[in-house]
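Novice: Quick one: sequence plus predicted model below, questions after.
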Amino acid sequence: PKEIFLKDYKLPDYYFDTVDLSFLLGEEKTIVSAKICVVPRVDGAASPLVLDGVDLKLISVKINGNELKEGDFHLDTRHLILTSPPSGNFISETVTEILPQKNTSLEGLYKSSGNFCTQCEAEGFRKITFYQDRPDIMAKYTCRIEADKSLYPVLLSNGNLIEQGDLEGGKHFALWEDPFKKPCYLFALVAGQLESRDDTFSTCSGRKVTLRIWTPPEDLPKTEHAMYSLKASMKWDEDVFGREYDLDIFNIVSVPDFNMGAMENKSLNIFNSKLVLASPETATDADYAAILGVIGHEYFHNWTGNRVTCRDWFQLSLKEGLTVFRDQEFSSDLGSRTVKRIGDVSKLRTYQFPQDAGPMAHPVRPHSYIKMDNFYTVTVYEKGAEVVRMYKTLLGSQGFRKGTDLYFERHDGQAVTCEDFFAAMRDANDADFANFLLWYSQAGTPVVNVTSSYNAEACTFSLKFSQTLPPTPGQPVKEPMFIPVAAGLLDSNGKDMPLSSIYRDGKLESVASGSQPVYTTVLRVTKAEEEFVFADVPEKPVPSLLRGYSAPIRLHSDLTDDDLFFLLAHDSDGFNRWEAGQILARKLMLSQVVNFQKDNALVLDPQFVHGIKCILLDSSLDKEFIAKAITLPGEGEIMDMMEVADTDAVHAVRKFIRKQLASELKQEFLNLVKEKRSTEKYVFDHANMARRALKNTALGYLASLEDEEITELVLHEYKTATNLTDQFSALAAIAQKPGKARDDALADFYNQWQHDYLVVNKWFALQSSSDIPGNVENVYKLLTHPAFDLKNPNKVYSLIGGFCASPVNFHAKDGSGYKFLGEIVVQLDKLNPQVASRMVSAFSRWKRYDETRQNLAKAQLEMIVSANGLSENVYEIASKSLA
Ligand code: HT7
Ligand code: ZN
């Protein structure tokens, strides 16, 4: 397979001005005609025009109305090359035949539950028609769709509907025109039996926009929350970023078969149904929150991605990092900022840190790829969002807004690079960003060490920083990064000290001035070693470092356990309060892992129990914050800190601590369950979600105890639940332990929800991710369950993805989990390479485990790499994992 490099980027020889597409949608085949006005970039240079095309049957090709003969063009399995086009502008016309009904890759044009739909990002448009399938080709499109009217009453594409009508033979047509230039990855078409929930939004300049959410008729009642989310997004983008919607219609379509979450096609967003459909009985609080965030995310792309797009796919984070940052801020503003931040940082640590430390580590802007689909990663998305957040931390809200305003003003209608975003931020603020651009080019998570000292005589407090960036594939040596460290100092009462002058390596860096006291400052750490000294510090403070998690780094400090308990109790920065508890928990877990490995008895530090109890009983705290603060770090996070990941030890230790906490705080947890339960009508707001989160976290703890009374309680919660959040939490609590109660509850749940595939997917995931030993057999059985279908990505993510998340069974020492995944990946790759490559990624950190496991996982990777007809998607991940 061919590797593509950022350094090889070249401007295209030809631009496309207008593109007129026509689709004749049939039951066996679809005919696609494309008429393109081609404009050479440089006048007079008549180089060949290379069009991408995959799985297409060429029917005819014309230039300026004249059909080309053999010799005038060249066709291979991936391209149509017009060998000697005329000089100057010309019209190219192609007619191709495609087979959407046979397209199981869910890329290009395909059928999902009887309806036609498209997915073109990143390089799916080439499966629809011959085209220069690259994002810097921006053109104006029309799209005519013709189809049987009874089978496909609704015909949608981008932009405005300008004509529609009936045709002979029971057919009809629709003609859509998109007035905005766009890259082909934003093209979309939908045709089928759909109904819409309609609403309107009045924009800040008084334009009325029609909003439509399309689903199969039976799902329509479940779109209320999605419509609320869309209107909230439109308003928020006006208020916070000054961005107004630009067309008179905005459509969202929900489809059950979709490789990712959703797609921001211009004015015709297509969504995986799990991110649109919700009712209190069939969706959890987490689903409601995800829908809000993703509807926001796709809507925000209208400006960050669509109006201003990427020059090439290496710049993906330009739109994705920025848009994730925007959706994170949106959800923060509508809920709890601290809780949202905790959730986002946990996600980064659980998924991105391991990627940054493994064989697939790549910079936020990758240098090369074989299949772009493999680079829709947590690094590009989540670390990319952290990079955007750092601009805001450095510039403040107003400076950041000035930067985005300038970015939109300069680049509307253009395909640009990460440097262009950087330059807008810098120029709008006249800012000095030192070597900040390294965040785009150096992979790996910086490790920062801090030591502190207090000089009572001079009343100064010093923080000495040192940083390293571990080697990653292709990058053995790195330069120091520019790391913004937000910091404050707590006095002995736990109050923030007002900050005065700060010196950096002996030179005055900043002076607190103005009438308002400053309690948090942003230290600009840029060198391998650097010292910051705070002046006028009257007593020895406890520093609160990296407030709000101001940079995506691993921070190690010399804070003592007492300091950490103090921060847990007092820090005014909610994130750092949680963080202090997590650091303590990580230390505790690691110490017990050592005990486990030495066959010593496991013990729980009473001071830790006391700290948790204080948080639990602090009625001034947000309930969701408490739920987060009493939740132990995930097993992956602990394994990440070990030389050799000992999955058995970490699993046993986490289970032990949970059970001990449950036993020692049993009464407190019981009180919480009783006080916080409610059978009132479900409301999606922060207060109610927080109440449910705390109650269900307490229930989960209690269920770890061997106790008849608790089993009764959990069953009672299951039976009396009035919404899925409570019902599913109770089911998960019951499912922790094998036995009749578990079997009965799982059977009961399936019986109740078998008609709802999204709920059934949760049922699959709950079982496949179980840590009950030997569960692989059960997962093999579930593969043949009538509700399972290997062609549906959501079902694969639930059953197979869920299984890979189980530390006990996926990493079973007999290799049964690895064998299971190896077999599935090879099978799945033939149907859907994108989904198969997501699944094979579960192997990528095989070198982190003991020798026995390494050999077993490696054997599966070798088997996969040598499989016949392997896709480039899976090949790239598997071969890089083996390297
Ligand atoms: N921009 C969208 C990316 C996407 C995608 C990428 C590869 C294969 C299938 C896909 N479906 C959607 C989604 C987003 O980040 O907004
Ligand atoms: Zn996105």
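Specialist: The structure has been received and is ready for your questions. Ligands and ions are numbered 1, 2, ... in the order given.
Novice: Can you give me the domain assignment for this structure?
Specialist: 14-284, 313-441, 449-470+478-552, 754-883 (automatic domain parsing).
Novice: And those domains: which comes nearest ligand 2?
Specialist: Between ligand 2 and the domains of the chain, the shortest gap by CB to the ion is with domain 313-441, which sits at 4.7 Å. The way it works is simple: take the backbone N, C-alpha and C, and place the C-beta from them, glycine included.
Novice: Report the distance from the closest one to the chain centre.
Specialist: In terms of CA atoms, centre = their mean, to the nearest Å, the centre of domain 313-441 is found 13 Å from the chain centre.
Novice: do the same with stretch 143-163
Specialist: Worked out by CA atoms, centre = their mean, stretch 143-163 lies 32 Å from the chain centre.
Novice: do stretch 674-683 as well
Specialist: On CA atoms, centre = their mean, the centre of stretch 674-683 falls 31 Å from the chain's centre.
Novice: Please apply the same query to stretch 255-274.
Specialist: 14 Å.
Novice: Are that stretch and ligand 2 in contact anywhere?
Specialist: No. For stretch 255-274, no contact with ligand 2 is found by CB under 5 Å from the ion; the gap never falls below 6.2 Å.
Novice: Sort out which residues of that stretch are buried, please.
Specialist: 255-260, 262-274 (16 or more other CB atoms under 10 Å).
Novice: Keeping just the C-alphas, turn that stretch into PDB.
Specialist: Coordinates of each C-alpha in stretch 255-274 appear next as PDB, following Å, rounded to 0.1, in the frame of the first residue of the first chain:
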ATOM      1  CA  VAL A 255     -29.800   6.400   9.900                       C
ATOM      2  CA  PRO A 256     -29.200   3.100  11.800                       C
ATOM      3  CA  ASP A 257     -26.100   2.100   9.700                       C
ATOM      4  CA  PHE A 258     -23.300   4.500  10.100                       C
ATOM      5  CA  ASN A 259     -19.600   4.000  10.600                       C
ATOM      6  CA  MET A 260     -19.100   7.000  12.900                       C
ATOM      7  CA  GLY A 261     -21.200   9.300  15.000                       C
ATOM      8  CA  ALA A 262     -22.400  11.800  12.500                       C
ATOM      9  CA  MET A 263     -21.500  13.900   9.400                       C
ATOM     10  CA  GLU A 264     -21.600  17.600   8.900                       C
ATOM     11  CA  ASN A 265     -22.600  17.600   5.200                       C
ATOM     12  CA  LYS A 266     -23.600  21.200   4.200                       C
ATOM     13  CA  SER A 267     -27.100  21.700   5.400                       C
ATOM     14  CA  LEU A 268     -27.800  18.000   5.300                       C
ATOM     15  CA  ASN A 269     -26.200  16.500   8.400                       C
ATOM     16  CA  ILE A 270     -26.400  12.700   8.500                       C
ATOM     17  CA  PHE A 271     -26.500  11.100  12.000                       C
ATOM     18  CA  ASN A 272     -26.000   7.700  13.400                       C
ATOM     19  CA  SER A 273     -29.500   7.100  14.900                       C
ATOM     20  CA  LYS A 274     -27.900   6.500  18.400                       C
END
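Novice: Is ligand 1 within reach of that stretch?
Specialist: Yes. Interface with ligand 1: stretch 255-274 contributes 259, 260, 262, 263, 264 (CB under 6 Å from any ligand atom).
Novice: contacting residues for the fourth one?
Specialist: Just to be clear, that refers to residue 263. Shown in contact with residue 263 (CB atoms under 8 Å, 6 or more residues apart in numbering): 119, 120, 121, 188, 269, 270, 271, 298.
Novice: What's the end-to-end length of stretch 4-12?
Specialist: End-to-end distance for stretch 4-12: 15 Å, by CA to CA, to the nearest Å.
Novice: And for stretch 543-556?
Specialist: End-to-end distance (CA to CA), stretch 543-556: 13 Å.
Novice: The buried residues of stretch 255-274 in strands, which ones?
Specialist: Among the buried residues of stretch 255-274, DSSP state E puts 255, 262, 263, 268, 269, 270, 271, 272 in strands.
Novice: before we move on, back to that, can you put the domains of the chain in CSV and add distance to residue 669?
Specialist: Converted to CSV, the domains of the chain look like this (distance: least, CB to CB, whole Å):
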stretch, distance to residue 669
domain 14-284, 21
domain 313-441, 20
domain 449-470+478-552, 27
domain 754-883, 21
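Novice: Redo those domains as CSV? Include mean pLDDT and distance to residue 710.
Specialist: Formatted as CSV, the domains of the chain follow (pLDDT from 0 to 100; distance: least, CB to CB, whole Å):
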stretch, mean pLDDT, distance to residue 710
domain 14-284, 98, 22
domain 313-441, 98, 27
domain 449-470+478-552, 97, 36
domain 754-883, 98, 18
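Novice: mind checking which of the ones you listed is nearest residue 603?
Specialist: With CB to CB as the criterion, residue 603 lies closest to domain 754-883 of the domains of the chain, at 22.2 Å.
Novice: which bits of this protein sit near ligand 2?
Specialist: Residues of the chain lying near ligand 2 (CB under 5 Å from the ion): 320, 323.
Novice: go again using 6 Å as the cut-off
Specialist: 297, 301, 320, 323 (CB under 6 Å from the ion).
Novice: Skipping adjacent residues, who's closest to residue 700 in space?
Specialist: Spatial nearest neighbour of residue 700, chain neighbours left out: residue 733 (5.4 Å); criterion: CB to CB, 6 or more residues apart in numbering.
Novice: Export only the CA atoms of whichever strand or helix holds that neighbour, formatted as PDB.
Specialist: Residue 733 belongs to helix 724-734 when assigned by DSSP states H and E. Extracted in PDB, the C-alpha atoms of helix 724-734 (Å, rounded to 0.1, in the frame of the first residue of the first chain):
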ATOM      1  CA  LEU A 724     -33.500   4.000  31.300                       C
ATOM      2  CA  THR A 725     -30.700   5.800  33.200                       C
ATOM      3  CA  ASP A 726     -32.000   4.300  36.500                       C
ATOM      4  CA  GLN A 727     -33.100   1.000  34.900                       C
ATOM      5  CA  PHE A 728     -29.900   0.300  33.100                       C
ATOM      6  CA  SER A 729     -27.700   1.300  36.100                       C
ATOM      7  CA  ALA A 730     -29.600  -1.100  38.200                       C
ATOM      8  CA  LEU A 731     -29.200  -3.800  35.600                       C
ATOM      9  CA  ALA A 732     -25.500  -3.100  35.400                       C
ATOM     10  CA  ALA A 733     -25.300  -3.400  39.100                       C
ATOM     11  CA  ILE A 734     -27.100  -6.700  39.200                       C
END
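Novice: Which strands and helices lie in contact with it?
Specialist: helix 285-300, helix 686-702, helix 708-720, helix 740-753, helix 757-768 (3 or more CB pairs under 8 Å, 6 or more residues apart in numbering; DSSP states H and E).
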